[in-house]
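# Got a predicted structure here, sequence first:
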Amino acid sequence: MSDTDLLADAAAELYSSDPDQFVERRGALAAAARAAGQAPVARQIAALRKPTRSAWVVNRLARAEPAVTQQLTSLGDELRAAQESLDGAAIRELSQRRHDLIEALARRAFEVAGQPQPSAALRDEVTTTLGAALADPAVAGQVASGTLIRPASTEGFGLGGLGGLGGPPELTLVTASGARGPSRTPRAPRPGRAPTRERSRTRTPAQPAKPAQPAGPSRAEQARADRERRRQADLAAAERAAEEAARTAEAATAAEHDLERTVQTLEEQLADARRDLAETRNQARRARNRQRQISQALDRLRG
C-alpha cells in the first residue's frame, strides 16, 4: 500500500468514527504506520485534527452520500445566476428551495450519524455548514472531502450575499401618449377688418375655429398615474426595509452562532488536550516501568 493510500485510509476511518474515539484511534493508526516502517505517514496521521461533533455529522453525510455536494453546488449556481440578473421572482423561489434542501440534508445527516435528537446548537451548526457549502464552492469542496474539522459559515450568499440586492428596482410609469405640443388657439380678428367675402357674395359671420384637443393624458389619468407611482415607490421602500431588517437579524444570529461555536471549539480542544496529556502520561509511565524492568534484568545478568 502506498503512503497516500495509507494516509487516506487512516483519515477515512478517523473522520468517520465517533469523535470520542478519535484520539485513541489516531494513536493506534500512527503506531501501526510506524511499525510498518512508514514514519513520515505516521507523523502525518498523528497531526490529523479531531473534528467537532457537527463537523463529524457533515463528514458522515458527505461520505455516505457523495451526491450531496453536487446538489448544494448546483442550487448555489442557480441562486448566483438569479442574483446577477436581479430576478426577484426566481430568487424567492430558489431561496425556498435552498431552505427545503438544507433542512432535508440536515435531517438525513443526523440519521446517518445516528443522532435522532440533536441539540439546537448542534442542529444550527450543521445547517449553517450546509448553507455555507451551498453559497461557497470552496466550502463545498471541503465538505466533499469528508474531513471537516469545524463547522463553516459564510455571510450572506456568495458574491456579496442575497441581502446585497437592496430592494427591487424602482418602477417607472410610462404613458403611451404622444409628444405634448403647444396648444394653438384661434386668432381673433383684427379690429376694423371686415368679415371675409364668400364666393356667393353672401356675408356670413366668421365661424370660430375649433379648439385643438390637448395632447397627453387627462387630468384624471395623470392623477391616477401619480398615485400609482407613489404606491410603487412606497412598496419598493417597504420591501427594502424588510430585506434590511432580515439582513440585520441574520447577521446578529450568525454572530451569536459564531461565538457559540468558538466556545464549543475551545471546550472540545481543551478536552482533547487533556485526553492527549493523560494518554502521554500513561505512555511515559509504561515506558519508565519498562525501562526499570530492563535495567533490573540487565543487573541480574551482570551479577
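On my side now, so go ahead.
# okay, CA-based contacts and neighbour counts for the rest of this
Will do.
# can I see the domain layout of the chain?
For the chain, automatic domain parsing gives the domain ranges 1-50, 51-159.
# Can you say which of those domains is nearest to Arg286?
Nearest to Arg286 among the domains of the chain is domain 1-50 (15.3 Å), distances taken as Cα to Cα.
# Helix or strand for Ala278, just tell me which one.
Assigned by DSSP states H and E, Ala278 belongs to helix 219-302.
# Now do that helix: which elements does it pack against?
Taking 3 or more Cα pairs under 8 Å, 6 or more residues apart in numbering; DSSP states H and E as contact, the helices and strands that helix 219-302 lies on are helix 22-35, helix 120-135.
# Highest mean neighbour count out of those?
Mean neighbours per residue, mean count of other Cα atoms under 10 Å, is largest over these for helix 120-135, with a mean of 22.
# Which neighbouring elements make contact with the host helix or strand of Leu7?
Using DSSP H and E, Leu7 maps to helix 3-16. Counting contacts by 3+ Cα pairs under 8 Å, 6+ apart, helix 3-16 is packed against helix 22-35, helix 39-46, helix 53-64.
# Please put the alpha-carbon coordinates of the longest one into PDB.
This means helix 22-35. What follows is helix 22-35 as a C-alpha-only set of coordinates in PDB (Å, rounded to 0.1, in the frame of the first residue of the first chain):
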ATOM      1  CA  PHE A  22     -10.600   9.900  17.600                       C
ATOM      2  CA  VAL A  23      -7.600  10.400  19.900                       C
ATOM      3  CA  GLU A  24      -7.300   6.700  20.700                       C
ATOM      4  CA  ARG A  25      -7.700   5.500  17.100                       C
ATOM      5  CA  ARG A  26      -5.300   8.200  15.800                       C
ATOM      6  CA  GLY A  27      -2.600   6.900  18.200                       C
ATOM      7  CA  ALA A  28      -3.200   3.300  17.200                       C
ATOM      8  CA  LEU A  29      -3.100   4.100  13.400                       C
ATOM      9  CA  ALA A  30       0.100   6.200  13.800                       C
ATOM     10  CA  ALA A  31       1.700   3.400  15.800                       C
ATOM     11  CA  ALA A  32       0.700   0.900  13.100                       C
ATOM     12  CA  ALA A  33       2.200   3.100  10.400                       C
ATOM     13  CA  ARG A  34       5.500   3.400  12.400                       C
ATOM     14  CA  ALA A  35       5.600  -0.400  12.900                       C
END
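# Now do it and helix 219-302, the angle between them.
Going by axes from the mean of the first three to the mean of the last three Cα atoms, to 10 degrees, helix 22-35 is angled at 50 degrees with respect to helix 219-302.
# Show me what helix 22-35 is packed up against.
helix 3-16, helix 39-46, helix 219-302.
# From the chain's centroid, how far away is it?
Mean-position distance between helix 22-35 and its chain equals 37 Å (Cα atoms, centre = their mean, to the nearest Å).
# The helices and strands packed on helix 22-35 into CSV, with extra columns for distance to Asp136, mean pLDDT and mean neighbour count?
Converted to CSV, these look like this (distance: least, Cα to Cα, whole Å; pLDDT from 0 to 100; neighbours: other Cα atoms under 10 Å):
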stretch, distance to Asp136, mean pLDDT, mean neighbour count
helix 3-16, 22, 86, 17
helix 39-46, 28, 91, 18
helix 219-302, 16, 78, 13
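# Can you say which of these is nearest to Leu122?
Across the helices and strands packed on helix 22-35, the minimum distance to Leu122, taken as Cα to Cα, is reached by helix 219-302, at 9.4 Å.
# now the angle from the closest one to helix 53-64?
90 degrees.
# just to revisit the earlier point, with mean pLDDT and distance to Leu235 as new columns, can the helices and strands packed on helix 219-302 be given to me in CSV?
Output for those, formatted as CSV (pLDDT from 0 to 100; distance: least, Cα to Cα, whole Å):
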stretch, mean pLDDT, distance to Leu235
helix 22-35, 92, 55
helix 120-135, 92, 29
